[in-house]
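1. With the input below, show me the fold.
(2 chains)
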Amino acid sequence: MTATATSRLSGLPDSASDLRTFLHGLPGVDKVGVEARAAALGTRSVKTTAKAQAIDLAIRMVDLTTLEGADTPGKVRALSAKALRPDPSDPTCPPVAAVCVYPAMVPFAAEVLAGSGVHLASVATAFPSGQAPLDVKLADTRDAVAAGADEIDMVISRGAFLAGDYGKVFDEIVAVKEACGSAHLKVILETGELATYDNVRRASWLAMLAGADFIKTSTGKVPVAATLPVTLIMLEAVRDFRERHGRQVGVKPAGGIRTTKDAIKYLVMINETVGDDWLDPDWFRFGASSLLNDLLMQRTKLTTGHYAGPDYFTLD
Amino acid sequence: MPESSVRLSVRKTYKLYVGGKFPRSESGRTYLVDGDNVSLASRKDARDAVVAARAAQPKWAGATAYNRGQVLYRVAEMLEARRAEFKALGVKGSEVDAAVDRWVWYAGWSDKIAQVAGGANPVAGPFFNISAPEPTGVVAVVAPPSLIGLVSVIAPAVVTGNTVVVVAGNPQAAVTLAEVFATSDVPGGVVNVLTGHAAEIAPWLASHDDVNAIDLSGVDDGDLATELERAAAGTLKRVLRPSSAPDWTADPGVGPMTALLETKTVWHPKGF
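-> I've put the predicted structure just below:
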């Protein structure tokens, strides 16, 4: 490990094998317990004014995402316009937190979002597989930042992580963090490929120790994306990390969250696990595309008193 | 088994039919109808039914007319086979006959209605001008209590490619008919049946942005019908409200089908 890398491990012994010892010394996850806890928190009923507040908060937490090979400048501009005014017919509807696009699409989103307060996130580091040499990943990151992205969503090398090469993953995150400059770094763990909850906990700690500003569940490109139990483990990790190191790290579940009901389950879980400090778009995000329309439909239902239909909202 | 033991009867709970499944009401409520336990649908069940109907609509409308006709004919076969069940519910044999006949009659229209409701239009120019009927979309139906009435409001809507959310007038007969759909080849979501109070559920369907038409044939209360018409106006829904109590045994004609069709007209240059 590099000197910069080890200095971040304040309070920890400074070698790759010690990192390994630390990560494997983390308590194991009780699989049945965490799933039962997540399921129990998902049964809360949130209604009327509390629901209205939850919906507005969830809208403010959305990273409105388009990560398709078929993305065009026009689509990205339209999506960015939607991010600013999700419901053009209702000026009280808040804007979303950020727009999330591929690096090549950053300039087009930046045109629309400049000065608006809506953040511009770009995936980088050979998203979604992360299987590229480090200098390519760093160039990818620097280009995205130069083009106007103020948040970078990087992927960890799952291959290296699963092979037990934690030092390599750590060093990559540190290097990407440096390449980000002032941009926020979100580290995608791709929990669907990590196989066990223990690995999710280890990867969360690894990313936070290496300097992540946010830890994010998934790319949305593998069959298993964000789930409640995985997010619960990550929330516990950021809580424990702040207790130990005094630094707050955000959490972003991404992929597979499509309904208002799902989103509210996550909000309940934040409230019950890490508390108010994370109930804020600066510390919790939803990586989603279709979720926003469902939130808007539910919001319209609450404001108009009748059920809304998808025909009244833009597709992208 | 001891001589004295008495067999406990297995009593049926009449549940909703939504998206091809038979769920209980999300509200958990039930009510008694003639001694039978029946799920009491809430507005959220209506919402779920609309979601199911909307999801099923494109594929059902996209099926060939011939295929829809075959599926509906299969419904008639299954209906015929459940004659005894309807009789046990107090439906007369002659009414079951009429319902089966009515269903077959509508099934036959699937690949013929386009010729009657559409066609080539003469225009002043070198163009083919063709009008073709297309289904309106998701149709909410407040159904009358009789079996023949129920069949006469569902069949004309679905035969052309609409999907329906039915608020049952007679819960047991409607759920038994739903069991007929579930055992035919009707895709889940094409017909959805809610049992409960029309006055509670229908206003939510009438004002729902994602419902394209509402049939008020089964609404007896004039004030409720007016209220529903007014709610439906908010989204410019098609509203079917018979001016007088319909005679379900009479020949319906093509009116009930064309009322739930939109006309698409295309111009195509002849070129020579």
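2. C-alpha only now, for contacts and for neighbours.
-> Will do.
3. what's the residue of the stretch 101-250 of chain A found nearest chain B sitting at in phi/psi?
-> Closest contact between the stretch 101-250 of chain A and chain B, by C-alpha to the nearest C-alpha, is at residue A:223 (22.1 Å). Main-chain dihedrals, residue A:223, degrees, to the nearest 10: phi -60, psi -40.
4. That one: neighbour count?
-> By the measure other C-alpha atoms under 10 Å in any protein chain shown, the count of residues near residue A:223 is 10.
5. for residue B:95, same thing?
-> For residue B:95, the neighbour count with other C-alpha under 10 Å is 17.
6. Stretch A:266-279: end-to-end distance?
-> 10 Å (C-alpha to C-alpha, to the nearest Å).
7. Would you mark the buried spots in it?
-> A:266, A:267, A:268, A:269, A:270, A:273, A:274, A:278, A:279 (16 or more other C-alpha atoms under 10 Å in any protein chain shown).
8. same question, stretch B:110-123
-> Those would be B:110, B:111, B:113, B:114, B:117, B:118, for stretch B:110-123 by 16+ other C-alpha under 10 Å.
9. Show the backbone phi and psi for the third one.
-> Which is residue B:113. Dihedral pair for residue B:113: phi -60, psi -30, per degrees, to the nearest 10.
10. what about the host helix or strand of residue A:121, distance to the chain center?
-> For residue A:121, the host element (DSSP states H and E) is strand A:119-124. The chain centroid and the centroid of strand A:119-124 are separated by 11 Å, computed with C-alpha atoms, centre = their mean, to the nearest Å.
11. Next, give me the two most distant ones among the buried residues of stretch B:110-123.
-> B:110 and B:118 (13.2 Å; C-alpha to C-alpha).
12. Report the next helix or strand after the biggest helix by length in chain B in sequence order.
-> In chain B, with assignment by DSSP state H, the single longest helix is helix B:43-62. Counting by DSSP H and E, the next helix or strand C-terminal to helix B:43-62 is helix B:65-81.
13. need the contact list for the residue in chain A positioned nearest to chain B.
-> Scanning chain A for proximity to chain B using C-alpha to the nearest C-alpha identifies residue A:309 as nearest, at 4.3 Å. Each residue near residue A:309 by C-alpha atoms under 8 Å, 6 or more residues apart in numbering or on different chains is listed here: A:297, B:208, B:209, B:210.
14. In a markdown table: these, plus secondary structure, neighbour count and pLDDT.
-> Output for those, formatted as a markdown table (DSSP: H, G, I helix; E, B strand; the rest coil; neighbours: other C-alpha atoms under 10 Å in any protein chain shown; pLDDT from 0 to 100):
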| residue | secondary structure | neighbour count | pLDDT |
| --- | --- | --- | --- |
| A:297 | helix | 22 | 96 |
| B:208 | coil | 26 | 97 |
| B:209 | coil | 22 | 96 |
| B:210 | coil | 24 | 97 |
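15. between those residues, which is closest to residue A:147?
-> Distances from residue A:147 to the contacts of residue A:309, taken by C-alpha to C-alpha, are shortest for residue A:297, at 33.7 Å.
16. and the residue of the stretch 151-272 of chain B nearest chain A?
-> residue B:210 (4.3 Å).
17. Touching, that residue and residue B:137? I think so.
-> No: using C-alpha atoms under 8 Å, residue B:210 is not in contact with residue B:137; the gap is 9.1 Å.
18. and for those two, which residues touch both?
-> Looking at what touches both residue B:210 and residue B:137 (by C-alpha under 8 Å, 6+ apart), the common residues are residue B:54.
19. How are the helices of the stretch 51-200 of chain B distributed by residue range?
-> B:65-81, B:83-88, B:93-109, B:113-117, B:147-158, B:171-182, B:198-207 (DSSP state H, counting those that start in this stretch).
20. Pipe those helices into a markdown table and attach distance to residue B:222 and mean pLDDT per row.
-> Shown next, in a markdown table, are the helices of the stretch 51-200 of chain B (distance: least, C-alpha to C-alpha, whole Å; pLDDT from 0 to 100):
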| stretch | distance to residue B:222 | mean pLDDT |
| --- | --- | --- |
| helix B:65-81 | 32 | 96 |
| helix B:83-88 | 30 | 95 |
| helix B:93-109 | 27 | 97 |
| helix B:113-117 | 31 | 96 |
| helix B:147-158 | 19 | 97 |
| helix B:171-182 | 21 | 97 |
| helix B:198-207 | 12 | 97 |
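21. Dump these to JSON lines, plus distance to residue A:103.
-> What follows is these, written out as JSON lines (distance: least, C-alpha to C-alpha, whole Å):
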{"stretch": "helix B:65-81", "distance to residue A:103": "47"}
{"stretch": "helix B:83-88", "distance to residue A:103": "64"}
{"stretch": "helix B:93-109", "distance to residue A:103": "55"}
{"stretch": "helix B:113-117", "distance to residue A:103": "50"}
{"stretch": "helix B:147-158", "distance to residue A:103": "48"}
{"stretch": "helix B:171-182", "distance to residue A:103": "49"}
{"stretch": "helix B:198-207", "distance to residue A:103": "43"}
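22. so which of the ones you listed gets nearest residue A:292?
-> helix B:198-207 (22.4 Å).
23. Pull up the pairing partners for the strand holding residue A:121, direction included.
-> Using DSSP bridges, the strands paired with strand A:119-124 are strand A:98-101 (parallel), strand A:151-155 (parallel).
24. Comparing those strands, which stretch has the densest surroundings?
-> Mean neighbours per residue, mean count of other C-alpha atoms under 10 Å in any protein chain shown, is largest over these for strand A:98-101, with a mean of 30.
25. Mind checking the pLDDT average for that strand?
-> For strand A:98-101, the mean pLDDT works out to 97.
26. likewise stretch A:31-38?
-> 97.
27. What are the buried residues along it?
-> A:34, A:35, A:38.
28. For chain A, list the residues in contact with chain B, please.
-> A:306, A:307, A:308, A:309, A:310, A:311 (C-alpha under 8 Å from any C-alpha of the partner chain).
29. Quick one, which of those are buried?
-> Buried, going by 16+ other C-alpha under 10 Å: A:306, A:307, A:308, A:309, out of the residues of chain A next to chain B.
30. helix or strand for the first one, which one?
-> So the one you mean is residue A:306. Applying DSSP H and E, one finds residue A:306 in no helix or strand.
31. Pretty sure it sits against residue B:202.
-> No: counting by C-alpha under 8 Å, residue A:306 stays clear of residue B:202, with 11.9 Å between them.
32. Pull the distance from the longest helix along chain A to the chain's centre.
-> The helix that spans the most residues within chain A, counting by DSSP H, is helix A:228-245. Chain-centre distance of helix A:228-245: 14 Å, with C-alpha atoms, centre = their mean.
33. again with stretch A:61-76
-> Its chain's average C-alpha position is 16 Å from that of stretch A:61-76, according to C-alpha atoms, centre = their mean.
34. Report the contact partners of the closest residue to residue A:176 other than its chain neighbours.
-> Distances taken as C-alpha to C-alpha, 6 or more residues apart in numbering or on different chains put residue A:138 closest to residue A:176, at 5.9 Å, once the chain neighbours are dropped. With contact taken as C-alpha under 8 Å, 6+ apart, residue A:138 is in contact with A:125, A:175, A:176, A:179.
35. Same check on residue A:102?
-> A:66, A:67, A:122, A:123, A:124.
36. number of nearby residues for whichever residue of the stretch 51-200 of chain B sits closest to chain A?
-> Nearest residue of the stretch 51-200 of chain B to chain A (C-alpha to the nearest C-alpha) works out as residue B:51 at 9.3 Å. If you count neighbours by other C-alpha under 10 Å, residue B:51 ends up with 19.
37. number of nearby residues for the spatially closest residue to residue B:26 that is not a sequence neighbour?
-> Excluding the flanking residues, the one nearest residue B:26 by C-alpha to C-alpha, 6+ apart is residue B:45, at 6.4 Å. Applying other C-alpha under 10 Å, we find 23 residues neighbouring residue B:45.
38. didn't residue B:45 look like it was pressed against residue B:25?
-> Yes: using C-alpha under 8 Å, residue B:45 is in contact with residue B:25, at 6.4 Å.
39. Can you lay out the helices of the stretch 51-200 of chain B as JSON lines showing distance to chain A?
-> Output for those, formatted as JSON lines (distance: least, C-alpha to the nearest C-alpha, whole Å):
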{"stretch": "helix B:65-81", "distance to chain A": "26"}
{"stretch": "helix B:83-88", "distance to chain A": "35"}
{"stretch": "helix B:93-109", "distance to chain A": "30"}
{"stretch": "helix B:113-117", "distance to chain A": "26"}
{"stretch": "helix B:147-158", "distance to chain A": "21"}
{"stretch": "helix B:171-182", "distance to chain A": "25"}
{"stretch": "helix B:198-207", "distance to chain A": "6"}
